[in-house]
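> Return a 3D structure for these sequence lines:
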Amino acid sequence: MNTNEGQKGSERLCPKVEAAFGLLAKKWMGLVLYSLIDGELHFCDLEKALPALSARVLTQRVRELEEAGLVLRKVSATSPVRVSYCLTESGRSLAIVVGGIADWANI
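Presented below is the predicted three-dimensional model:
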């Protein structure tokens, strides 16, 4: 038995765990990650995958994921410029968690 089991409620959470749950708890965050599990998507493809999400909020969410090191933003040098996003190694490590939640939701 874990000696800290009865004390979890009274102890402060690890700041890293608290920050991770704070990030992932934001609305749309899990669905953006889920959309990127199968590979790189252009911004317009993310918009199509999440039609209820405004472009402004989508931009904000992918920016937050990028700052957290979970998503890589790629800008093509084409005309017109195209922006795409993919999961980083750290982001891909969440695939099993995000996929597990999706599996659970489909039960």
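> any idea how far the residue nearest to the spatial centre of the chain is from residue 63?
Central residue of the chain (CA atoms, centre = their mean): residue 33, 3.7 Å from the mean position. Plainly put, residue 33 is 14 Å away from residue 63 if you go by CB to CB, to the nearest Å. (C-beta placed from N, C-alpha, C; glycine too.)
> repeat for residue 32
11 Å.
> Residue 29: neighbour count?
19 (other CB atoms under 10 Å).
> Please determine how far residue 36 is located from residue 12.
32 Å.
> With neighbour numbers in mind, choose between the two.
Per other CB under 10 Å, whichever of residue 36 and residue 12 has more neighbours is residue 36, with 27 against 6.
> Quick check: next helix or strand after the longest helix anywhere in the chain?
Looking across the chain with DSSP state H, the single longest helix is helix 55-67. Downstream of helix 55-67, the first helix or strand assigned by DSSP states H and E is strand 71-75.
> Now do the helix or strand bottoming out on mean pLDDT in the chain against helix 55-67, angle only.
For the chain, using mean pLDDT, DSSP states H and E, the weakest element among its helices and strands is helix 15-24, scoring a mean of 90. Note on geometry: by axes from the mean of the first three to the mean of the last three CA atoms, to 10 degrees, helix 15-24 and helix 55-67 are set 160 degrees apart in direction.
> CA atoms only for helix 15-24 - export them in CSV, please.
Extracted C-alpha coordinates of helix 15-24, given in CSV (Å, rounded to 0.1, in the frame of the first residue of the first chain):
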residue,chain,number,x,y,z
PRO,A,15,3.8,21.5,-10.4
LYS,A,16,4.6,19.6,-13.6
VAL,A,17,1.5,17.4,-13.2
GLU,A,18,-0.6,20.4,-12.3
ALA,A,19,0.6,22.3,-15.4
ALA,A,20,0.0,19.2,-17.7
PHE,A,21,-3.6,18.8,-16.5
GLY,A,22,-4.1,22.5,-16.8
LEU,A,23,-3.0,22.5,-20.4
LEU,A,24,-4.9,19.4,-21.4
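> C-terminal to it, what's the next element?
helix 29-36.
> That following helix: how far from the chain's middle?
5 Å (CA atoms, centre = their mean, to the nearest Å).
> Nice, that's everything, thank you.
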